[in-house]
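>>> Let's see this in three dimensions:
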Amino acid sequence: MRLFSIEYSRAAYLADFIAYGVLAAGLTVYLVDAAPRTEWWVLAGVVALGLALWTLIEYAVHRFLMHGVDPVRRWHGEHHRRPKALLGSPTLVSIPLFLALVFLPVWAVSDSAHAAALTLGIGGGYLLYSTIHHAIHHSNRDWVWLKRRQDWHALHHRAGRPVCFGVSTSFWDYVFGTTAGIVTTVPRLAD
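Residues are numbered from 1 along each chain as shown. Model prediction:
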């Protein structure tokens, strides 16, 4: 059952990024082609709402599911033990979840354009999160913003208690009081 493994080969790890890129591109093409021009601003707002919602979903899933519910907690613990390993939720599980939990319910109460727009926002947020998380663990770029995200995530990996659950943003950690407090020196993630 390698297709459902949380540890990826390099090819499967890359394929996950490609799959979400194709999903985002497909939803974008669908919206541009099928949605009435008069709805484009509304649909752009729905995409933006989806991106914003993703940040809350990311925080909640990381805090309450990945650090609280077995077997996901154990799987995520493996990431904490081996931060450079190519681990993640299987694409064959995550994409159907996005479709079942976002696209289909919105389509049931609205229309396919609004469902596609919200799915694009949330799925695009997931792709952005995955890219940032990869860069945090595998990039040595000298970008100030990335270094800040690496420092923040290092607090999450190294703290004695679970803190700093946001990967793409720290916003919800400040809202819900799960910051590590003001820290002037932060350990960097090791190999």
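>>> From Leu31, how far off is the residue in the chain sticking out farthest from the centre?
Largest separation from the mean C-alpha position in the chain: Thr38, at 30.7 Å (CA atoms, centre = their mean). According to CB to CB, to the nearest Å, Thr38 and Leu31 sit 13 Å apart. Where C-beta positions appear, they are placed from N, C-alpha and C, glycine not excepted.
>>> Likewise for Asn140?
37 Å.
>>> Looking at these two, which one has more neighbours?
Using other CB atoms under 10 Å as the criterion, Asn140 and Leu31 rank with Leu31 on top: 21 against 7.
>>> quick one: that one and Ala44 touch, right?
No. Between Leu31 and Ala44 there is no contact under CB atoms under 8 Å: 9.0 Å.
>>> Any stretches of the protein with poor pLDDT?
For the chain, applying pLDDT under 70 flags the ranges 1-5, 159, 182-191.
>>> again, only this time at 50
Applying pLDDT under 50 to the chain picks out residues 1, 3, 184-185, 190-191.
>>> those helices in it, which residues are they?
Taking DSSP state H to define them, one finds helices in the chain at 10-34, 40-60, 72-81, 91-98, 104-109, 112-138, 144-158, 171-176.
>>> Which of those has the highest mean neighbour count?
helix 112-138 (a mean of 20; mean count of other CB atoms under 10 Å).
>>> tell me which strands and helices that helix is in contact with?
Contacts defined by 3 or more CB pairs under 8 Å, 6 or more residues apart in numbering; DSSP states H and E place helix 112-138 against helix 10-34, helix 40-60, helix 91-98, helix 104-109, helix 144-158.
>>> from the chain's centre, how far out does stretch 46-56 sit?
11 Å (CA atoms, centre = their mean, to the nearest Å).
>>> cool, and stretch 115-126?
11 Å.
>>> Then stretch 162-180?
14 Å.
>>> how long is that stretch end to end?
One end of stretch 162-180 sits 9 Å from the other (CA to CA, to the nearest Å).
>>> what does it contact?
If you take CB atoms under 8 Å, 6 or more residues apart in numbering as the criterion, stretch 162-180 is touched by 54-56, 58-59, 62-63, 67, 125, 128-129, 132-133, 136, 149, 152-153, 155-156, 159.
>>> Same check on stretch 126-137?
Taking CB under 8 Å, 6+ apart as the rule, stretch 126-137 contacts 16-17, 20-21, 24, 51, 54, 58, 83-84, 88, 94, 98, 141, 146, 149-150, 153, 167-168, 189.
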